[in-house]
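Peer 1: kindly generate the corresponding structure for this input.
(one chain, ligands or ions: 1)
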Amino acid sequence: MASPNDLDTPPTADRGWGRLNPRHRLASWGWVWAVCLLLGQERGWPGLPWVAVTLQCLVYPLLSQGWARRQADPWHAARWVLTLDAVCLALWVVWLGVPLWLTYALATASVTSFAALWGRAGLVRAGLAWAGGAGLAGALWGLHLQPHMGPAATACSMLYLTAQLAWWAHVLQRRLSRLSQARQQLAHSERQLRQQLGVVSALQSQWQEQAHHDALTGLFNRRFLDATLARELVRCLRMQSPLSLILIDIDHFKRVNDEHGHAAGDEVLRRLAFLLSNDARASDVVCRHGGEEFLLMLPHMPLATALARAEHYRATLAASVMWIGGQPLNCTLSAGVACYPADGQTAELLVAAADQALYRAKRSGRNQVVAASDEGAVQSARA
Ligand SMILES: Nc1nc2c(ncn2[C@@H]2O[C@H](COP(=O)(O)OP(=O)(O)OP(=O)(O)O)[C@@H](O)[C@H]2O)c(=O)[nH]1
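Peer 2: So this is what the prediction gives:
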């Protein structure tokens, strides 16, 4: 006696996969009225049962539906309406003499409705309602078995049952197809989301790369070094290990730009960057500190080794002739070397010590390497 055809409300675990549909319920009761009409003709009912049948099949559904709609929770009220339907149907079939096909059609339609709407709990409720209705009718009027009906009433009952089952199947099919569409959409959205996440993560990596690297040379930039140096110093303190800094500046770089052009100057910066990063260990951080200045952070490297590294760079650059735009170009560099902990215990102090050493290297004539701890002494012979 219920219909699940209202698909606008998504089913929930509580509501099964159907929903009580008032129009379909009225049609079902109309059908019952038609079957009773045929049965009444077959059995030659007098006038009174017709009034009762009409009240039951055409008036009661309207009244009960109106009541359910006025309740605060119409869904809960519908459960009681459907239960009352089952009780009434059981009363009728017992009173009419349990006609086999009519009982079967009505009971099946009622039980499937309960099951579709409320699952297993609905089945129990349907069983109780039918047993209650039949028991009440049996107590009132006793059981008068007249199981057979004529072909017209039987055909009508069968048709009703078939229509009811077909309707449920149709609703179930629509629900499943909607579910499958929703799943496909969900999978599509998930794919799109994954793609977008991929793009975002690629952009993030690109942004991090740009944020930490110098565009011209590809070396780390000063921001990255500032963030790393403090962390490395803490590690070296914990491990009681030295950390050296080499600050390098190309000598008379302005002249390079003036005489060979800015592009040639850029090329010199790139080649020196390549030289510096070529020998670097995995733990070293080679960065462009600004302009024509480079800073190397060398964890766990004592001063003597750092001085030797700086001297290697100085000597290599001084000895090499760069051919840029068909022109020979020779550059030199000056370097200041400072070592933790002797020359400074914080990042700022250590960089300042390396800067002082570089300044002294410049002041002493350039193309040389100077250690911060060795006040004024030139560590490396001029090339
Ligand atoms: N080509 C090029 N030149 C740069 C870049 N950044 C800074 N410079 C130039 O580097 C030069 C640095 O000049 P100065 O600071 O006077 O130093 P210098 O000429 O190297 O002289 P000293 O350091 O005293 O030996 C300036 O002419 C800047 O324009 C860059 O990215 N590309």
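
Peer 1: every contact and neighbour count from this point should use C-alpha atoms.
Peer 2: Noted.

Peer 1: surely residue 156 is in contact with residue 35?
Peer 2: Yes. The pair residue 156 / residue 35 is scored as a contact, 6.1 Å apart, by Cα atoms under 8 Å.

Peer 1: show me which helix or strand of this structure is least confident by mean pLDDT.
Peer 2: Ranked by mean pLDDT, DSSP states H and E, the helix or strand of the chain with the weakest confidence is helix 47-54, at a mean of 81.

Peer 1: give me the helices and strands touching that one, please.
Peer 2: The helices and strands touching helix 47-54, judged by 3 or more Cα pairs under 8 Å, 6 or more residues apart in numbering; DSSP states H and E, are helix 22-43.

Peer 1: show me the contact partners of the helix it packs on.
Peer 2: For helix 22-43, contacts defined as Cα atoms under 8 Å, 6 or more residues apart in numbering pick out 1-3, 53-54, 57-58, 61-62, 65, 102, 149-150, 152-153, 156-157, 160.

Peer 1: of the residues you listed, keep whichever come out buried.
Peer 2: The neighbour count (16 or more other Cα atoms under 10 Å) marks 1-3, 53-54, 57-58, 61-62, 65, 102, 149, 153, 156-157, 160 as buried among the contacts of helix 22-43.

Peer 1: report pLDDT for the spatially most distant residue from the centre of the chain.
Peer 2: The centre of the chain is farthest from one residue, residue 46, which by Cα atoms, centre = their mean lies 70.0 Å away. Note for residue 46: predicted pLDDT of 74.

Peer 1: for the ligand, see how far away it is.
Peer 2: 111 Å (Cα to the nearest ligand atom, to the nearest Å).

Peer 1: all helices in the stretch 101-250 of the chain, in order from the N-terminus.
Peer 2: Secondary structure of the stretch 101-250 of the chain by DSSP state H, counting those that start in this stretch: the helices cover 151-212, 222-239.

Peer 1: and the shortest one, how far out from the chain middle?
Peer 2: Read it as helix 222-239. 36 Å (Cα atoms, centre = their mean, to the nearest Å).

Peer 1: would you mind listing what in the protein touches the ligand?
Peer 2: When proximity is defined as Cα under 6 Å from any ligand atom, the chain approaches the ligand at 250, 251, 252, 253, 254, 257, 262, 263, 265, 266, 291, 292.

Peer 1: out of those, which two sit at the greatest distance?
Peer 2: Using Cα to Cα, those span at most 17.2 Å, a distance reached by 251 and 263.

Peer 1: mind checking which of these two has more residues around it?
Peer 2: residue 251 (19 against 13; other Cα atoms under 10 Å).

Peer 1: what's near enough to touch the more buried one?
Peer 2: Per Cα under 8 Å, 6+ apart, neighbours of residue 251: 331, 332, 333, 334, 362, 366, 367.

Peer 1: could the residues you listed go into TSV alongside secondary structure?
Peer 2: TSV is the format used below for those (DSSP: H, G, I helix; E, B strand; the rest coil):
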residue	secondary structure
331	coil
332	coil
333	strand
334	strand
362	helix
366	coil
367	coil
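
Peer 1: could you chop the protein up by domain?
Peer 2: 22-185, 220-371 (automatic domain parsing).

Peer 1: ends of the longest one, how far apart?
Peer 2: If I follow you right, that is domain 22-185. 32 Å (Cα to Cα, to the nearest Å).

Peer 1: so how far is that domain off the chain centroid?
Peer 2: So, by Cα atoms, centre = their mean, the centroid of domain 22-185 is 47 Å from its chain's centroid.

Peer 1: ok, now stretch 217-227?
Peer 2: So, by Cα atoms, centre = their mean, the centroid of stretch 217-227 is 34 Å from its chain's centroid.

Peer 1: ok, now how distant is the closest residue to residue 146 other than its chain neighbours from residue 103?
Peer 2: Among residues not flanking residue 146 along the chain, residue 97 sits closest, at 4.8 Å (Cα to Cα, 6 or more residues apart in numbering). Separation of residue 97 from residue 103 (Cα to Cα) stands at 10 Å.

Peer 1: more neighbours: which of these two?
Peer 2: Between residue 97 and residue 103, counted using other Cα under 10 Å, residue 103 has the larger neighbour count: 20 against 16.

Peer 1: strands of the stretch 201-350 of the chain, start to end?
Peer 2: Under the criterion DSSP state E, counting those that start in this stretch, strands of the stretch 201-350 of the chain are mapped to 220-221, 243-250, 285-290, 293-299, 322-324, 327-329, 333-340.
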